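**Q** 3D model of this:
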Amino acid sequence: MTSRKKIWLTLSLVFLIVALSGAYGIWRILSNAPSVVTLEDAVATLTQTEESGDNKTISSGDSAENESASGEWVIDNTSGNFTFEDASGSFVGFRIDEKLVGIGSVTAVGRTDVVSGKIVIDGSSLVETIIEADLSTIVTNDKRRDRAARNALKVKENPFASFVLQDTIKFDIAGIEGQAIQAEALGQLTINAISQPANFSIDAQLVNNQIVLVGSAKVVFSDFGVEVPSAPIVVSAEDFGIIEFQLLLTRN
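**A** This next block holds a predicted model:
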């Protein structure tokens, strides 16, 4: 084989590797955004985890049927798992739509399982909710985006975000276990030490003596002094997005 042929063969292999790497990168970006949080998925994932024996804190008490749910329920950080492929535990996160060069529309998702807090139920009412998340531990569905997301959220100065319920709402989760309820929770959302009113649509269900609680709200990030990060590959990114959470709660 002549030197010229060897050079062309080498260059062809290099171009092929680059092309395959680019194709894999595009496939990875487009395919690894987790689905929107839903109660149905959260309950199904939790149930599967319990059946497989992976859940560390499966409750073994009597059925909650016809029992009062009144009292304080705290966020359980030991049940379930936290990965983008298997998010069966408690977490808080965001979703933002982007347009990338040569790729098109994608969804950037960030989540953290470093979350704490509680809810307080009085009869058929939710009277108190406090949720706090450490955004300095947030990870995204693309590791190359993690640092930019944390910097945009200004986690060095203000690492914690929180939501505090403003008014008592109907929350009749007692009764037959497995019956889902829906509600609207108006409260104060704090990100980057800036508080703004936020209305979360929430769904809840009692499963094996745990409350599964999911919720989401649309927010404008500039209202919290957060600038959506940019990069050469990003054509545009929405200034608004979805704050979402999935929580497992146990009676205190």
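**Q** now do the strands in this structure.
**A** For the chain, the strands defined by DSSP state E cover 71-75, 91-100, 104-112, 115-122, 125-134, 139-140, 160-165, 169-170, 181-191, 194-207, 210-220, 234-237, 240-251.
**Q** what is the neighbour count of Ser68?
**A** Using other Cβ atoms under 10 Å, the number of residues around Ser68 comes to 12. Bear in mind the C-beta positions are built from the backbone N, C-alpha and C, glycine included.
**Q** residues in contact with it?
**A** 123, 174 (Cβ atoms under 8 Å, 6 or more residues apart in numbering).
**Q** so what pLDDT did it get?
**A** If you check Ser68, the pLDDT there is 81.
**Q** what's the answer for Leu9, then?
**A** pLDDT recorded at Leu9 is 51.
**Q** would you single out the least confident of the strands of the chain?
**A** Lowest mean pLDDT within the strands of the chain: strand 234-237, at a mean of 44.
**Q** how near is the nearest residue to Ile131 once chain neighbours are set aside to Asp97?
**A** The shortest distance from Ile131 to any non-neighbouring residue, by Cβ to Cβ, 6 or more residues apart in numbering, is to Gly117 (4.0 Å). Note on Gly117: its distance to Asp97, by Cβ to Cβ, to the nearest Å, is 28 Å.
**Q** more crowded one of those two?
**A** Gly117 (21 against 14).
**Q** my guess is that one meets Trp73, correct?
**A** No. Using Cβ atoms under 8 Å, Gly117 is not in contact with Trp73, being 9.8 Å away.
**Q** run the chain-centre distance for stretch 82-95.
**A** Put simply, stretch 82-95 sits 5 Å off its chain's centre (Cα atoms, centre = their mean, to the nearest Å).
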